[in-house]
Structure formats: C-alpha cells, structure tokens
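> No letters, just coordinates:
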C-alpha cells in the first residue's frame, strides 16, 4: 500500500473481525540495525496451523463475499521487497501475532505514513475493544494503553468523546515528537563526538 | 473488439500462461506496479501492464476481472504466480519493452 500505516489498519481489522478484545500494535525502529519491526498481536479467535500457513496466500480467505484476500499478502510482499519478511504465529482460541520486519534504508521501502491517525481511528471507532500502541525508536519509547485511560476516566466517559479524542491525538503527537528528537540528538552527539 | 490473442500477436507478446483464455476481449489498458493502488483502479477487461510477476498480482488481476497481465521490461513471473495463472487459466503475457513504450503502442491499437 502507499503507506505502511494503511497496512497496519488492515491487519488490525483482521484482529477485530477475529473478535479480539485486545490489540497490541508495536513499532520498533533500530537505526544501528537498519530495521523497523511492526507487530500486531491480538487475543482473537486465532487460526489452526493449516490456516496460519495459508494466511499469506492471496487466494486463501475465510470471507465468503470474495475469493481473494490481499491484506497479509501485500504486507508480506512489502516487507520482503526491502529485504525483510513477515511471520505469523497463531493459536486457535488464543490469538494471532503478525510481525513484519522492514529494512528502512532500502529504495523500495514504503513510507510509514500517519500511524498516529491510524491508531486514533482504530481506538475511536472500536469503543468495545482495547488497544495498546507502543512505539520505540532506538532507546526511546512511549506507550498508549486504552485500559489505563479507561481506569482513569471511569466507565462513563467514552474514548470517542471529543475531549478524549483530542487528548489522545495530542499525546501521540507530543510523544512521537519527543522520541524522534531524543533519538536524533543521540545521533548528532555521536557524530560531533567523533569529530572532537 | 480486440482479443488477448490478437493483442499478443500485434505487440509480439510471449504467452506465459492462460492459453485457453486468449479469446477474451480487451477493452482498454492500465499501467501500475503498486498493487494496492492498481487494485483500486484497474478496469475490468483491461490489459494490465506491470513488472509485478508474483501471485499477488495474479490475485489483483483476477479480482478485478482484467483481461490479461502483460509483464513489461522482461520482468520475471515467479513459479507460484505461473502455477496460479495456469490453474485459473488467466492470461499472462511478456514483453521486452517497457510499460511506457508498450502502453503507447497498445493505445494506438485499441483506439
């Protein structure tokens, strides 16, 4: 897809369709290793070993409406095009984890895109599920856990209410900015140290 | 209307798969390599010019009911894609020319 965040949206939709109550989205960037790992883990219905083996086949789908499913196959292809790969682990009745590894410096790397908007949309459109979003850039990280938000806000307040949505949006923007700055500061210090 | 077979003859395309479906009519063309993008835009009965010779491309083309895939720039068709195209009897053709050059020629033929 044009942006990896759209793939994340698509994979998370699979989790929702599988009845997951908790969906964990994890982005881990390691600049020394030149890697970006995107993981979507859920506690949904899970798949049998046979289904798991076929999940990256575009002609395999559990849907009855059409005979082709391209979400996982495209995500896998995009990862492989950069020299990375995708693996799925799943257990019936336990859940499914999709883990894609990318090599960001590769010329065929697809931009991450607006992952924060993806996460915000998933949270606000699925009030009946919980989401954990964890993002790490080298040594710096942040987490957003809707279970923690609910514990603070109580049962009365919806996460999709304008005030909460606005807060989540602000939090994601600020935290992303912070870890980006802290990570690039380290790179800068590293290079100036070499010169000194 | 031109068929896949006629198109293949006129543009000197090599037939890699789908020999049984070459009588399909071709009503137009589309060019693109980003599969999700193509999936949203590929018209039915079009000849799709691309360098993506993998099973996902076969899935996109059959989902959108394209007339055929034309691999340009001598792009390879991998084994899984070839097998699936044969199974579906979906025409996959091959050209040495790039998508721009072949597309321009095809446009002249289909008009």
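In hand now; what should we look at? It should be emphasised that the depicted structure is a prediction, and the values quoted were computed from it without experimental measurement.
> Skip the chain neighbours and tell me the closest residue to residue A:27.
residue A:135 (4.5 Å; Cβ to Cβ, 6 or more residues apart in numbering or on different chains). Backbone N, C-alpha and C define where each C-beta goes, glycine included.
> so that neighbour makes contact with residue A:176?
Yes. Using Cβ atoms under 8 Å, residue A:135 is in contact with residue A:176, at 6.9 Å.
> Look at those two and report which has more neighbours.
residue A:135 (22 against 15; other Cβ atoms under 10 Å in any protein chain shown).
> where does the residue nearest to residue A:27 land in three-state SS?
strand (DSSP: H, G, I helix; E, B strand; the rest coil).
> What backbone torsions are found at the residue nearest to residue A:58 when sequence neighbours are not counted?
Once flanking residues are discounted, residue A:58 sits nearest to residue B:59: 3.5 Å by Cβ to Cβ, 6+ apart. As for residue B:59, its main-chain torsions (degrees, to the nearest 10) stand at phi -60, psi -50.
> and residue B:59, what does it touch?
A:58-59, A:68, A:70, A:73, B:84 (Cβ atoms under 8 Å, 6 or more residues apart in numbering or on different chains).
> picking that back up, any shared contact partners between residue A:135 and residue A:176?
By Cβ under 8 Å, 6+ apart, the residues touching both residue A:135 and residue A:176 are residue A:142.
> May I see the contacts of residue B:59 organised as JSON lines, with neighbour count, pLDDT and secondary structure added?
Shown next, in JSON lines, are the contacts of residue B:59 (neighbours: other Cβ atoms under 10 Å in any protein chain shown; pLDDT from 0 to 100; DSSP: H, G, I helix; E, B strand; the rest coil):
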{"residue": "A:58", "neighbour count": "26", "pLDDT": "90", "secondary structure": "coil"}
{"residue": "A:59", "neighbour count": "19", "pLDDT": "89", "secondary structure": "coil"}
{"residue": "A:68", "neighbour count": "19", "pLDDT": "57", "secondary structure": "coil"}
{"residue": "A:70", "neighbour count": "20", "pLDDT": "88", "secondary structure": "coil"}
{"residue": "A:73", "neighbour count": "23", "pLDDT": "94", "secondary structure": "helix"}
{"residue": "B:84", "neighbour count": "21", "pLDDT": "96", "secondary structure": "helix"}
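> Can you check which helix is longest in chain A?
helix A:162-195 (DSSP state H).
> tell me the mean pLDDT for stretch B:70-77?
Over the span of stretch B:70-77, the pLDDT mean works out to 98.
> tell me the SS of residue A:144?
Under three-state DSSP, residue A:144 comes out as strand.
> who touches it in this structure?
A:119, A:131-134, A:168, A:171-172, A:175.
> Can you say which of those are buried?
Buried members of the contacts of residue A:144, scored by 16 or more other Cβ atoms under 10 Å in any protein chain shown, are A:119, A:131-133, A:168, A:172, A:175.
> Chain B: which of these is nearest?
residue A:119 (19.9 Å; Cβ to the nearest Cβ).
> For the closest one, which residues are in contact?
Residue A:119 neighbours (Cβ under 8 Å, 6+ apart): A:25, A:131, A:133, A:144, A:172.
> Mind jotting down where the strands sit in the chain?
By default, I'm working from chain A. Ranges of strands in chain A, per DSSP state E, are A:22-30, A:35-42, A:85-91, A:95-102, A:130-137, A:140-145.
> that answer is for a different chain, and I need it for chain B
Going by DSSP E, chain B shows strands at B:14-17, B:28-31, B:46-50, B:68-71, B:92-94.
> which one of those lies closest to residue A:8?
strand B:46-50 (25.1 Å; Cβ to Cβ).
> Next, the contact list for residue A:120, please.
A:165, A:168-169, A:172.
> now do 6 Å
A:168-169 (Cβ atoms under 6 Å, 6 or more residues apart in numbering or on different chains).
> Can you get me a residue count around residue 1?
Unless you meant another one, I'm taking chain A. 21.
> That was the other one, I meant chain B.
Residues near residue B:1, counting by other Cβ under 10 Å: 9.
> Just the local confidence number for residue 12, please.
Just so you know, I chose chain A. Predicted confidence (pLDDT) for residue A:12: 96.
> Actually, chain B is the one I wanted.
Reported pLDDT for residue B:12: 97.
> Now do it against residue B:107, distance only.
Distance from residue B:12 to residue B:107, counting by Cβ to Cβ, to the nearest Å: 16 Å.
> ok, now residue B:62?
24 Å.
> Looking at these two, which has the bigger crowd around it?
Taking other Cβ under 10 Å, residue B:62 and residue B:107 do not tie; residue B:62 has more neighbours (18 against 11).
> what residues are up against the more buried one?
B:88, B:90.
> still on that earlier bit, would TSV of the strands of chain B with mean neighbour count be doable?
Shown next, in TSV, are these (neighbours: other Cβ atoms under 10 Å in any protein chain shown):
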stretch	mean neighbour count
strand B:14-17	18
strand B:28-31	19
strand B:46-50	25
strand B:68-71	28
strand B:92-94	23
